[in-house]
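>>> Task: produce atomic coordinates for the following.
(chains A, B, C and D)
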Number of protein chains: 2
Amino acid sequence: MSGRFVPRSRRQTRATVLESLLRTKGAFRTDLARETSLTEASVSRIVADLRSEKLVEERKESAPHAGGPTALVTLSNNINVLGIELSNSRLSFGVGNLGGTLDYVERMPASPNLDQDEFERLFAASTVALREWTDARGVDLRQAAMSIPGYGREAGNPIFPWDMARLKRFLGKVLPRLPLTLTNSVVAQAAFNRYAMPSTYGVEGDHLFLFVGHGVAGVIVNEAEPIDAFSPFEMGHMVIERDGLLCRCGHRGCLEAYTSLRAVSTIIGVPGNEILARGDRFLDALEVDDVARDMLRERQFLIGLALGNALNLHPVPAVVISGWPSLTPGSDRSAIFDGLNQSLLGGYDEGRLSLSFIAPSIGNDPKAALSYAAYCFVSGGGLEAARDAPAMEETT
Amino acid sequence: MSGRFVPRSRRQTRATVLESLLRTKGAFRTDLARETSLTEASVSRIVADLRSEKLVEERKESAPHAGGPTALVTLSNNINVLGIELSNSRLSFGVGNLGGTLDYVERMPASPNLDQDEFERLFAASTVALREWTDARGVDLRQAAMSIPGYGREAGNPIFPWDMARLKRFLGKVLPRLPLTLTNSVVAQAAFNRYAMPSTYGVEGDHLFLFVGHGVAGVIVNEAEPIDAFSPFEMGHMVIERDGLLCRCGHRGCLEAYTSLRAVSTIIGVPGNEILARGDRFLDALEVDDVARDMLRERQFLIGLALGNALNLHPVPAVVISGWPSLTPGSDRSAIFDGLNQSLLGGYDEGRLSLSFIAPSIGNDPKAALSYAAYCFVSGGGLEAARDAPAMEETT
DNA sequence: CAGAATAATTACACAGTGTAAACATGACCG
DNA sequence: CGGTCATGTTTACACTGTGTAATTATTCTG
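Numbers count the residues shown, from 1 in each chain, chains lettered A, B, ... in the order given. Below is the predicted model:
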């Protein structure tokens, strides 16, 4: 509109610097320059800029050697973002700063079959409480993100089959003047892993993060790429057994029909959401009989088989699995390797593929969405869309 | 080394303009500006620049209306590039200009099991003839590209299991001072489709190009992305039948074991390379009996099943299949749709997925590699790595 | 051959960059 | 306790590529 020329690169370099700070939770200018491949001169200018806008702060911190850096640059912790997470069992809201601390949380039970009308009622009710809280403290939200399982499919969301245009209209109306980004839950999870986990799960570099829960889905994490370049990797509906078990998607033989929490809960007779909550060694604790245990081994074999198939299409050097298989003893999990061996080209070789397991993170919603919101804020360079040209000239 | 500051963007804008010209085979400045989203002023400057380096030419061509564009900008056809293609049956060399015309071709039979020593001998012999030809005409090669099936796998090339470092050393020695890029055959094929096919196969936008031949592999074509961002999509070794047919990769039940040319040739009793050569309606012409025909239908079903699985992981709105299935009658090919229906999430729906078939292009090697070489030249902005600072100042 | 319509070029201002020099900071040492 | 050293940080300056807008070129029309 008003149209002063703003070179693309400004927003972008700011974003690069901010993103680096988000990742490292504070860095010296020298490191910042290296990380972002900018000159120290440029970093200096940009940091000065960002500091004048109160987006970053500097804390005195001297190095133990001569002539070391003098001040640590960190993101300001006065910037508040909103994360909203819709999962199969609840809708949660969280407000926090860019450091990932949650200052406000609200969680409401939500049915896995939540329809769009119910959702809107639930959401509207939650926003009232949220607004009260923010108003009471004068908190100014700068960015919001909401994560939804299954979001982003061209073919429509198989989990919450809603009208996306309507959803966006609704959100724009309920949360006016607040930039809001929708994303897939696994993408938000990737943001959480990248930005909020103090020491990540020990995998450096590109990898597939695979979550085996209600569905079987993940995300391919490419270290060099920004989070929003990730796309969900939905492995659950790979048909691995023609005319096999019926899946909720209507097909037969999908991986999910064999390995979802629902399938596992049927095998061992424990409600799905309890399995993850019980944590490590849930099998032993439950005194699962050998038949069931063999079945679980077989199911893990299938995960390996499907995983190998997926990796043939999309090779990555490392895979991190989270979900119930992470809770089974290593001797059972080895079935995954057996499965891999029968499908992965060249067979499974720990030199070429590193496979690791991390405990499913349960109950930390909506931290993932919050991390994603932080990412969104930062990737816009901290420049709001329409926070420019404050009535500088009057139109004749 | 000499290190004058060359902003990244210069090379890049030049590349953008050149790439657009390669794609369109000539354009008016106005269109060029639109395509590349640069201003006409910038285009003007860049074109003037490129013209002074004899990389582009202008041909008078007036529009039928007043004030139309005056000159068509085209790539110079004095720039020669080299394409080298290694396939399962031969090694071919070709020299041509950026327009895609082949001025020199040499094809040598090569075994599918060619080992690296034999390859080097064969290659060295070919380069002698090539060099003779170029020397005789004073042709100055600016860029070379070589395409290899199976190239680019981290795990090593399953088709030609060679030492890549040695290959690169060898090529650097045999073709000194010539920038050479290695790539996967399907990526080169994508370059050919994008740049050399006058009217492409009628698919606009992103799609999966899948070739069913000796292997079953393809490439996901993202219209917005440059060719070298593509990665091969190897579907052939997806295990679709546990404990199924033995595949050459050592596993059982791979798609390739059921649907490769080798598998088909076993079914109908015709040598593999003849099938594609016979062209359309090869089944009728060969009076294939009903049993074999049913088998081929079943095999196509499996292609559909695997394709659905692949598309669940990596959704695209369109798929183009080339290879023997393109030669079967539509009534038989429908089995592919049946297979898709049993794996693709939401089932096959022509509104959401467009599936089309094109005849396998046989015998046009090494045009694909040549197209890729042209792309490589152009994407470097036409600026050689070390063709700068021609003794302008003497070092003290 | 003037006028209209559009294309192509050019002059100018501007923003962001890198280089290199200047300035700042703190450890170490005599 | 002040000088030296090693490094970090800022600043001055030159440079590049860009967009805007004015200027010039080209070709058809009447």
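
>>> could you pull out the strands for chain A?
Along chain A, the segments classed as strands by DSSP state E run A:27-28, A:56-60, A:71-75, A:80-86, A:90-97, A:102-109, A:141-148, A:180-184, A:207-212, A:216-221, A:232-234, A:318-323, A:354-358.

>>> which neighbours does the fifth one have in its sheet, and in what orientation?
Strand pairing for strand A:90-97, using DSSP bridges, gives strand A:80-86 (antiparallel), strand A:102-109 (antiparallel).

>>> I'd like the average pLDDT over that strand.
For strand A:90-97, the mean pLDDT works out to 95.

>>> Mind listing residues that contact that strand?
The contact list for strand A:90-97 (C-beta atoms under 8 Å, 6 or more residues apart in numbering or on different chains) reads A:75, A:77-85, A:102-110, A:119, A:122-123, A:126-127, A:130, A:133-134, A:139, A:141, A:365-367, A:369-370. (Glycine included, C-beta is placed from N, CA and C.)

>>> Give me every residue in the stretch 151-300 of chain A lying close to chain B.
Residues of the stretch 151-300 of chain A found near chain B (C-beta under 8 Å from any C-beta of the partner chain) are A:153-156, A:158, A:233-235, A:237-242, A:249-252.

>>> can you point me to the longest helix in chain A?
helix A:290-313 (DSSP state H).

>>> tell me the angle that one makes with strand A:207-212.
Per axes from the mean of the first three to the mean of the last three C-alpha atoms, to 10 degrees, the angle that helix A:290-313 makes with strand A:207-212 is 150 degrees.

>>> right, so of the strands of chain A, which gets closest to DNA strand C?
strand A:56-60 (6.1 Å; C-beta to the nearest atom of the strand).

>>> quick one: the closest one near DNA strand C?
Yes - using C-beta under 7 Å from any atom of the strand, strand A:56-60 reaches DNA strand C at residue A:60.

>>> Give the rounded mean pLDDT of that strand.
85.

>>> Partner strands of that strand, with direction?
Strand pairing for strand A:56-60, determined by DSSP bridges: strand A:71-75 (antiparallel).

>>> now the nearest residue to residue A:153 once chain neighbours are set aside: how far from residue B:220?
Take residue A:153 and drop its neighbours on the chain: the residue closest to it by C-beta to C-beta, 6 or more residues apart in numbering or on different chains is residue B:315, 6.6 Å away. Relative to residue B:220, residue B:315 is positioned 10 Å away (C-beta to C-beta, to the nearest Å).

>>> which of the strands paired with strand A:90-97 is buried the deepest?
Highest mean neighbour count among those (mean count of other C-beta atoms under 10 Å in any protein chain shown): strand A:80-86, with a mean of 26.

>>> can I get the CA coordinates of that one in CSV?
Output in CSV follows, covering the C-alpha atoms of strand A:80-86 (Å, rounded to 0.1, in the frame of the first residue of the first chain):
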residue,chain,number,x,y,z
ASN,A,80,4.9,-13.5,24.6
VAL,A,81,3.6,-16.0,22.2
LEU,A,82,0.6,-18.3,22.3
GLY,A,83,0.6,-22.0,21.5
ILE,A,84,-2.5,-24.0,21.0
GLU,A,85,-2.5,-27.7,20.7
LEU,A,86,-5.3,-30.0,19.6
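
>>> hmm, back to that, residues in contact with the residue nearest to residue A:153?
Neighbouring residues of residue B:315 by C-beta under 8 Å, 6+ apart: A:153-155.

>>> For ChimeraX, write a command that selects the buried ones of those.
Entered in ChimeraX, the line below selects the buried ones among the contacts of residue B:315, by 16 or more other C-beta atoms under 10 Å in any protein chain shown:
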select /A:153,155
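
>>> from the contacts of residue B:315, which is closest to chain B?
The nearest member of the contacts of residue B:315 to chain B, counting by C-beta to the nearest C-beta, is residue A:155 at 4.6 Å.

>>> Near DNA strand C, which residues of the stretch 251-396 of chain A are found?
Close to DNA strand C, as judged by C-beta under 7 Å from any atom of the strand, the stretch 251-396 of chain A has no residues.

>>> For the stretch 251-396 of chain A, which segments are assigned as helices?
A:255-259, A:261-268, A:272-278, A:282-285, A:290-313, A:330-343, A:367-379 (DSSP state H, counting those that start in this stretch).

>>> same deal with the stretch 101-250 of chain A?
So, for the stretch 101-250 of chain A - with DSSP H, counting those that start in this stretch - the helices run A:116-137, A:164-174, A:185-191.

>>> Need these in a markdown table (columns: mean pLDDT and mean neighbour count).
Listed next are the helices of the stretch 101-250 of chain A as a markdown table, based on pLDDT from 0 to 100; neighbours: other C-beta atoms under 10 Å in any protein chain shown:
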| stretch | mean pLDDT | mean neighbour count |
| --- | --- | --- |
| helix A:116-137 | 95 | 14 |
| helix A:164-174 | 94 | 14 |
| helix A:185-191 | 93 | 28 |
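
>>> wait, which of those is closest to DNA strand D?
helix A:185-191 (27.8 Å).

>>> you'd agree residue A:335 is up against residue A:297?
Yes - using C-beta atoms under 8 Å, residue A:335 makes contact with residue A:297 at a distance of 4.4 Å.

>>> Of these two, give the one with the bigger neighbour count.
The neighbour comparison of residue A:335 against residue A:297 (other C-beta atoms under 10 Å in any protein chain shown) goes to residue A:335, with 22 against 17.

>>> Just give me the neighbour total for residue A:223.
The number of residues packed near residue A:223 is 10, by other C-beta under 10 Å.

>>> Over to the nearest residue to residue A:116 once chain neighbours are set aside: give its phi and psi.
The shortest distance from residue A:116 to any non-neighbouring residue, by C-beta to C-beta, 6+ apart, is to residue A:162 (4.6 Å). For residue A:162, the backbone dihedrals (degrees, to the nearest 10) come out as phi -100, psi 170.

>>> Quick check, residue A:162 in contact with residue A:118.
No - Residue A:162 is beyond contact range of residue A:118, at 10.8 Å (criterion: C-beta under 8 Å).

>>> measure residue A:354 to chain B for me?
Look at residue A:354 and chain B: by C-beta to the nearest C-beta, to the nearest Å, they are 12 Å apart.

>>> Oops, could you answer that again for residue A:97 instead?
Residue A:97 sits 34 Å away from chain B, taking C-beta to the nearest C-beta as the criterion.

>>> And for residue A:310?
Going from residue A:310 to chain B by C-beta to the nearest C-beta gives 6 Å.

>>> burial of that residue, as a residue count?
So residue A:310, with other C-beta under 10 Å, has 29 neighbours.

>>> Could you list which residues are in contact with it?
Contacts of residue A:310 by C-beta under 8 Å, 6+ apart are A:208, A:233, A:235, A:238, B:313.

>>> which two of those residues lie the greatest distance from each other?
Distance extremes for the contacts of residue A:310: the farthest pair is A:208 and A:238 at 13.8 Å, using C-beta to C-beta.

>>> OK, now which residue of the stretch 201-350 of chain A is nearest to DNA strand D?
Nearest residue of the stretch 201-350 of chain A to DNA strand D (C-beta to the nearest atom of the strand) works out as residue A:226 at 23.2 Å.

>>> Excluding chain neighbours, what is closest to that residue?
Excluding its sequence neighbours, the residue lying closest to residue A:226 (C-beta to C-beta, 6+ apart) is residue A:379, at 6.3 Å.

>>> Would you agree the one you found is in contact with residue A:15?
Yes - contact criterion C-beta under 8 Å: residue A:379 and residue A:15 qualify, at 5.0 Å.

>>> Where does the prediction get shaky in the stretch 1-150 of chain A?
With pLDDT under 70 as the threshold, the stretch 1-150 of chain A has low-confidence stretches at A:1-8, A:62-67.

>>> Thanks a lot, catch you later.
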